[in-house]
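Undergrad: Sequence first, then the predicted structure, then my questions.
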Amino acid sequence: QVQLVESGGGLVQAGDSLRLSCAASGRTFNNYIMGWFRQAPGKERAFVAAVSWGNTTYDTDSAKGRFTISRDNAKNTVYLQMNSLKPEDTAVYYCAADRVVARLRLGRSAYWGQGTQVTVSS
């Protein structure tokens, strides 16, 4: 089992920055690819970015240029640095873990956090 706990969400204004954190416990963190998803009101959960143990990153067009995913293997933590936030970034952000990046990107990971709310006001 892998337990994931997100933190760092909140209410910010457009143009602000936030850094989300996801702390992992349980099985060996280094064996897992870690990813971030988000689910806006009325929409399906969508892949944002992922990072492997070796710091290979997988981004989406919506994330490139504004969001940066990183991980600290010593702290069993993955981060999502979000800059220049827009109202359309408002969503619940979820952390996920998987050993297979394709499965993670499809949202089929077995391990998920409870989510953290990010609200961006205009």
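TA: Alright, I've got the coordinates. These figures come from a predicted structure and were not determined experimentally. Residues are numbered from 1 along each chain as shown.

Undergrad: Please make it C-alpha for all contacts and neighbour counts, starting now.
TA: Noted.

Undergrad: quick one: low-confidence parts of the chain?
TA: Within the chain, no range satisfies pLDDT under 70.

Undergrad: Run through the helices of it in chain order.
TA: Per DSSP state H, the chain carries helices over the ranges 101-105.

Undergrad: In space, not sequence, find me the middle residue of this protein.
TA: The structure's the chain has its C-alpha centroid closest to Trp36; by CA atoms, centre = their mean the separation is 2.2 Å.

Undergrad: so it makes contact with Thr57?
TA: No: using CA atoms under 8 Å, Trp36 makes no contact with Thr57, being 11.4 Å away.

Undergrad: what sits in contact with each of those two?
TA: Both Trp36 and Thr57 are contacted by Ala49, Ala50, under the criterion CA atoms under 8 Å, 6 or more residues apart in numbering.

Undergrad: circling back: list the contacts of the residue nearest to the centre of the chain.
TA: Phe47, Val48, Ala49, Ala50, Leu80, Tyr93, Tyr94, Cys95, Ala96.

Undergrad: just those residues now: which is nearest Ser122?
TA: Comparing the contacts of Trp36 against Ser122 with CA to CA picks out Tyr93 as the nearest, at 19.0 Å.

Undergrad: Over to stretch 106-113 now: how far is its first residue from its last?
TA: 16 Å (CA to CA, to the nearest Å).

Undergrad: To clarify, my last question referred to stretch 51-68.
TA: 10 Å.

Undergrad: got the contact list for that stretch?
TA: For stretch 51-68, contacts defined as CA under 8 Å, 6+ apart pick out 30-35, 47-50, 69-71, 73, 79-85.

Undergrad: ok now it, how far from the chain's centre?
TA: 10 Å (CA atoms, centre = their mean, to the nearest Å).

Undergrad: do stretch 56-73 as well
TA: Taking mean C-alpha positions (CA atoms, centre = their mean), stretch 56-73 and its chain are 9 Å apart.

Undergrad: List the buried residues for that stretch?
TA: Within stretch 56-73, the residues scored as buried using 16 or more other CA atoms under 10 Å are Thr57, Tyr58, Asp59, Ala63, Phe67, Thr68, Ile69, Ser70, Arg71.

Undergrad: And those, which is closest to Ala24?
TA: Closest to Ala24 out of the buried residues of stretch 56-73 is Arg71 (10.8 Å), distances taken as CA to CA.
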